[in-house]
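One predicted model, sequence on top.
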Amino acid sequence: MQAEYVVVGAGSAGCAIAGRLTEAGKRVIVVEHGGSDWGPFINMPGALSYPMNMARYDWGFQSEPEPHLGGRRMATPRGKVVGGSSSINGMIYVRGHARDFDHWRDSGAIGWGYADVLPYFQRMEHWHDGGHGGDPAWRGNDGPLHVTRGGRGNPLTRAFVEAGVQAGYPATPDYNGKQQEGFGPYDMTVWRGERWSAAKAYLRPALKRENCTLVRAFARRVVLEDGRAVGVEVERGGKVKVIRAEAEVILAASSINSPKLLMLSGIGPAAHLAEHGIELVADRPGVGQNLQDHLEVYVQYAAAQPVSLYRYWSLLGKAYVGARWLLTRSGPGASNQFESAGFIRSAAGVDYPDVQFHFLPIAVRYDGKVAAEGHGFQAHVGPMRSPSRGEVTLKSADPAEAPRIFFNYMSEAQDWVDFRRCIRLTREIIGQEAFDGLRRQEIQPGAALESDEEIDGFIREHAESAYHPCGTARMGRVDDPGAVVDPECRVIGVEGLRLADSSIFPRITNGNLNAPSIMVGEKAADHILGRPALLPRNDAPWVHPDWQRVQR
């Protein structure tokens, strides 16, 4: 079996690459280990907590014990399903801040500044403002990825934005437009009441073309001959075979599996590969390094009125939500319920937002366990640019064995300073007049926890991943020893091999990572096809005019 291009991974970036390459007439084979994305737990937005906790859809990765979080092993969900993590994520759509991408450019990812990537965000989007206003000139309106907004019908959801404004922060009609900073409505990858994954946007149209084939198989390694990638070794039905690539192999297997595949193929830190008896093809010390993520805590309150989603948490309530969604694609099940956003700066002197809020009108954990107090609400909050760095390494040379994942969370003193600010600023916002009559006592951390030491203890015990791992094969200059891919997504030191997914992020972006991961796939496709990049858009984003002196 062979094609011009073999794409490993039908996730956010891989689907976009397959879609654009086949659209251009190229023959493509997509290798995906996961199964179908047709299940109701995936397609009903309100059921988002289920697929990421199901072995059928998730690789089930866990971190090594994290020493700064009490030795806890942290869940690291990655989609093992057609659509990848875009089929199991929370569907929140955040491009990132303009200055995130300018940092990429300035760190060596030439051609990836915000002016360069904005046209790709616009090309991929089909944005629907839902009557909430926004910045149409900054958005796309004919791309394959539908982006919508929830109705914000819950009074708790509306109160959160009002409280942010009352606390002195700006309102923003479109955080994905000119002004990220402030409070306003969230965008979500939902269309007509269903999850709109990268598979629906790109892969399904591609598979209707004669030049695209989806192969369900487990990728073991990249096959290299004389320093060039010529195919992918896969296992299917207990048999190992090679799928050959006439032009290039493209890895888009996630920030966990892509560096694993590179190392199993002999591309990575020489000493580490030697430990496992893997023959060295290219010594790239940066493979698996620079691992980053977003941590968050849930600041929870009991509600003074029975207006939260808790009323649907009984078996009868869930049956009602599910039946209404199945019959009409409407009701609570048609939204991810993260409908109000907040992006703020944690202190004066921070030039653009470094704190993100997700507001949810119920007090519940990602595993589906609700707070004992019944009706409640919560704000997920965490710093966006942690200085801590971790790594993904091999446990053995066995492709079937999961890699060793060590985030090294909270290993820098600044992490603790930033997280304390996050919790205290959240309390101040929830304490505003907008929540009067809606707010009772603080469930967690609990009002009694006030000192730095008490808050640190809460963070250590309760901080959770926001499931945004990235950076493990970062993009940079060819002469940068820590870089793994060049600005055209070519793996440095190997011919015929590219990597395009969240692994290549030099630094984590503000907010959720699905949107920038798809953008990477879009832009990488143009590089693969040898097309000139889309013309830059030099629109200047909004930055607080007095950011050096004031926090809000």
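Ah, there it is.

So Gly182 is in contact with Ala167, correct?
No - the pair Gly182 / Ala167 is not scored as a contact, 11.0 Å apart, by C-beta atoms under 8 Å. The way it works is simple: take the backbone N, C-alpha and C, and place the C-beta from them, glycine included.

So the two - more neighbours on which side?
Taking other C-beta atoms under 10 Å, Gly182 and Ala167 do not tie; Gly182 has more neighbours (23 against 19).

And that one, how far from Trp196?
As judged by C-beta to C-beta, to the nearest Å, Gly182 and Trp196 stand 26 Å apart.

I'd like to know the average pLDDT value across stretch 63-70.
Across stretch 63-70, pLDDT averages out at 98.

cool, stretch 282-293 as well?
Here the mean pLDDT over stretch 282-293 is 98, rounded to a whole number.

Alpha carbons of that stretch, as PDB, please.
Listed in PDB are the C-alpha atoms of stretch 282-293, where the atom choice follows Å, rounded to 0.1, in the frame of the first residue of the first chain:
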ATOM      1  CA  ALA A 282      19.500  12.200  13.600                       C
ATOM      2  CA  ASP A 283      20.600  13.600  17.000                       C
ATOM      3  CA  ARG A 284      17.900  16.100  17.900                       C
ATOM      4  CA  PRO A 285      18.200  16.800  21.600                       C
ATOM      5  CA  GLY A 286      14.900  18.800  21.600                       C
ATOM      6  CA  VAL A 287      12.700  15.800  20.700                       C
ATOM      7  CA  GLY A 288      10.400  15.200  23.700                       C
ATOM      8  CA  GLN A 289      11.600  18.300  25.600                       C
ATOM      9  CA  ASN A 290       9.900  21.600  26.200                       C
ATOM     10  CA  LEU A 291       6.600  19.900  27.300                       C
ATOM     11  CA  GLN A 292       4.100  22.500  28.500                       C
ATOM     12  CA  ASP A 293       0.500  22.500  29.600                       C
END
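
Going forward, the N-terminal residue is numbered 4.
With 4 as the first residue, the last one maps to stretch 285-296.

Just the buried residues of that stretch, please?
Ala285, Arg287, Gly289, Val290, Gly291, Gln292, Asn293, Leu294, Gln295, Asp296 (16 or more other C-beta atoms under 10 Å).

What of stretch 436-450?
Residues Ala437, Phe438, Leu441, Arg442, Glu445, Ile446, Gln447, Pro448 are the ones in stretch 436-450 that count as buried (16+ other C-beta under 10 Å).

could those residues be laid out in TSV, adding distance to Met191?
Converted to TSV, those look like this (distance: C-beta to C-beta, whole Å):
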residue	distance to Met191
Ala437	23
Phe438	24
Leu441	24
Arg442	26
Glu445	28
Ile446	26
Gln447	26
Pro448	28
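
Next step: the residues you listed restricted to strands.
Counted as lying in strands by DSSP state E, out of the buried residues of stretch 436-450, are Arg442, Glu445, Ile446, Gln447.

Nearest to Gly474 among those?
Gly474 lies nearest to Gln447 out of these, by C-beta to C-beta, at 30.0 Å.

As a check, name the ranges of all helices in this structure.
Along the chain, counting by DSSP state H, helices occupy 15-26, 43-46, 101-109, 117-127, 158-169, 201, 207-210, 257-267, 273-278, 318-331, 416-433, 455-465, 517-532.

Mind giving me the packing neighbours of the fourth one?
Meaning helix 117-127. For helix 117-127, the helices and strands in contact under the criterion 3 or more C-beta pairs under 8 Å, 6 or more residues apart in numbering; DSSP states H and E are helix 101-109, helix 517-532.

starting at the chain centroid, how far to that helix?
In terms of C-alpha atoms, centre = their mean, to the nearest Å, the centre of helix 117-127 is set 17 Å apart from its chain centre.

Retrieve the pLDDT associated with His135.
Confidence per residue is given as pLDDT, and for His135 that number is 72.

number of nearby residues for the closest residue to it other than its chain neighbours?
Using C-beta to C-beta, 6 or more residues apart in numbering and skipping the chain neighbours, the partner closest in space to His135 is Pro188 (4.8 Å). The local packing count at Pro188 equals 25, with neighbours defined by other C-beta under 10 Å.

And Asp401, by the same measure?
Using other C-beta under 10 Å, Asp401 is surrounded by 11 other residues.

got it, and Pro544?
When counting by other C-beta under 10 Å, one arrives at 17 neighbours for Pro544.

Let me know how buried the closest residue in space to it that isn't next to it in sequence is, in neighbour terms.
Of all residues beyond its chain neighbours, the one nearest Pro544 is Ala101 (4.0 Å), with distances taken as C-beta to C-beta, 6+ apart. When neighbours are counted by other C-beta under 10 Å, Ala101 registers 22.

wait, what's in contact with Ala101?
By C-beta atoms under 8 Å, 6 or more residues apart in numbering, the residues touching Ala101 are Tyr117, Leu121, Gln183, Tyr355, Pro544.

with these in mind, which one is nearest to Asp132?
Each of the contacts of Ala101 was scored against Asp132 by C-beta to C-beta, and Gln183 proved nearest at 16.4 Å.

Wait, the closest one touches His100, no?
Yes - Gln183 sits in contact with His100 when judged by C-beta under 8 Å, with a separation of 5.1 Å.

quick one: common contacting residues for those two?
With contacts taken as C-beta under 8 Å, 6+ apart, the residues that reach both Gln183 and His100 are Phe346, Tyr355, Pro356, Asn513, Pro544.

Mean confidence (pLDDT) on stretch 8-20, please.
The pLDDT scores in stretch 8-20 average 98.

what about the strands in the stretch 54-203 of the chain?
Assigned strands in the stretch 54-203 of the chain, in chain order: 64-65, 78-79, 128-130, 148-152, 185-188, 190-191, 193-194, 197-198 (criterion: DSSP state E, counting those that start in this stretch).

closest one to Tyr205 among those strands?
Of all these, it is strand 148-152 that lies closest to Tyr205, at 8.0 Å by C-beta to C-beta.

Dump that closest one to CSV, restricted to CA.
Written as CSV, here are the backbone C-alpha positions of strand 148-152 (Å, rounded to 0.1, in the frame of the first residue of the first chain):
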residue,chain,number,x,y,z
LEU,A,148,-14.8,24.6,10.6
HIS,A,149,-18.1,25.9,12.0
VAL,A,150,-17.7,28.1,15.1
THR,A,151,-20.7,29.2,17.0
ARG,A,152,-21.8,30.6,20.4
